[in-house]
Structures are given as structure tokens and as C-alpha cells.
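# following is a predicted model, sequence given first.
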Amino acid sequence: MEGLQRLAARIGERFQTWWQHQAVAAVLLVVCAVIALAAIGFAVTSGYLALKVAMPAWAAALVTAGTLLVLALIAGVVANSYARRPLREPARSPGREPEAPPVELASRMGRSLGENLSRRGVRSTDVVIAALVAGVALGVAPALRERFGSADEEERRAGRRRR
């Protein structure tokens, strides 16, 4: 049970750090978007004012609005073509071993948990609930799954050194 509590604490700490990092990035992106929107507003206004010198105000407004509509259509076409592209697999470094299939990972985890928990007399309902929580957490966040895979390797190496 202590191992599960340590695992849950480690998951909580890493999630909190990740969440704080993502929140800062989101705030910075919002600030950048507001600044860009203000810049676009100034550019459109200055374009309208420049056209207003050469033609009547209503014609300058129509040209400005038409230009914005054409830009919006172009952006829509680009976004649509981007959304229809198939997702690419992430690039792997040449020296890195391919990930084990999920069935193999689950088999290793089950074997290890079974051995450790049977020695300590943990109830099966506790194991089922812990497995459900861990499965949901690892299934939802691929980055979390990768981080705990590397942490598991480090713990195994440290365990070999102690023996």
C-alpha cells in the first residue's frame, strides 16, 4: 500500500508541476493574442484612413471590409486543409528502443504488483481501485506514461545496486 501511496504522491507532484507550466504558457499565449489583435486593429484602421484620402469614406470601408473577408477566407481554407491532414507519428531518435506493446507493459506491471501486494496482504478491491485510477491517469496523458516508464527503469537500476 505504501508503494501505491508513493506512486499517487509522485503522480500528484508531477501533474501539479505540469499544470503550472501549462497555465503560464496559456497566459502568455493570451497576452500575445491580445497584442496581435490590437496590432491588426491598428493596421486595418490605418489602411481605411489611407484609402479614405483617395476615395469616398463608404468606398474605403467597402474595400477594407472586402480585404478582411478575403483574408478570413484564405485563413479558413488553410485551417480546413490542415485539419484534414492525417496525424504524423512522433519522430523517434535512432538509438532509442521502440516502446513495448501495451499488453507487455500491463503484464509486467501486473506481475510486479501481484508479487509485492501478496506479501503484504492487500485486499483485492484496493488493487482494482488503484489499477482503475492508474489506468485512467496513464491512458489520458501519454507524456505522463512516458515519464513513469523512465522512472520505473531508474528504480529498477537502483534496486539492482542495493542487492
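Good, I have the coordinates.
# any idea how the protein splits into domains?
17-83, 101-162 (automatic domain parsing).
# would you list every one of the helices in the protein?
Under the criterion DSSP state H, helices of the chain are mapped to 2-54, 57-84, 102-120, 124-140, 142-162.
# so can I have JSON lines of these showing mean pLDDT and mean neighbour count?
For glycine as for every other residue, the C-beta is placed from the backbone atoms N, C-alpha and C. Output for the helices of the chain, formatted as JSON lines (pLDDT from 0 to 100; neighbours: other C-beta atoms under 10 Å):
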{"stretch": "helix 2-54", "mean pLDDT": "86", "mean neighbour count": "11"}
{"stretch": "helix 57-84", "mean pLDDT": "90", "mean neighbour count": "11"}
{"stretch": "helix 102-120", "mean pLDDT": "75", "mean neighbour count": "12"}
{"stretch": "helix 124-140", "mean pLDDT": "69", "mean neighbour count": "13"}
{"stretch": "helix 142-162", "mean pLDDT": "63", "mean neighbour count": "11"}
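# quick one: which of the domains of the chain is nearest Arg6?
The closest approach between Arg6 and any of the domains of the chain, judged by C-beta to C-beta, belongs to domain 101-162 at 10.3 Å.
# circling back to that earlier point, reformat the domains of the chain as JSON lines; add distance to Ala9.
Shown next, in JSON lines, are the domains of the chain (distance: least, C-beta to C-beta, whole Å):
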{"stretch": "domain 17-83", "distance to Ala9": "13"}
{"stretch": "domain 101-162", "distance to Ala9": "13"}
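# and Leu4, which of those domains is closest to it?
domain 101-162 (5.1 Å).
# with respect to Gly3, which of the domains of the chain lies nearest?
domain 101-162 (6.3 Å).
# so which of the domains of the chain gets nearest Ala8?
Ala8 lies closest to domain 101-162 among the domains of the chain, at 7.7 Å (C-beta to C-beta).
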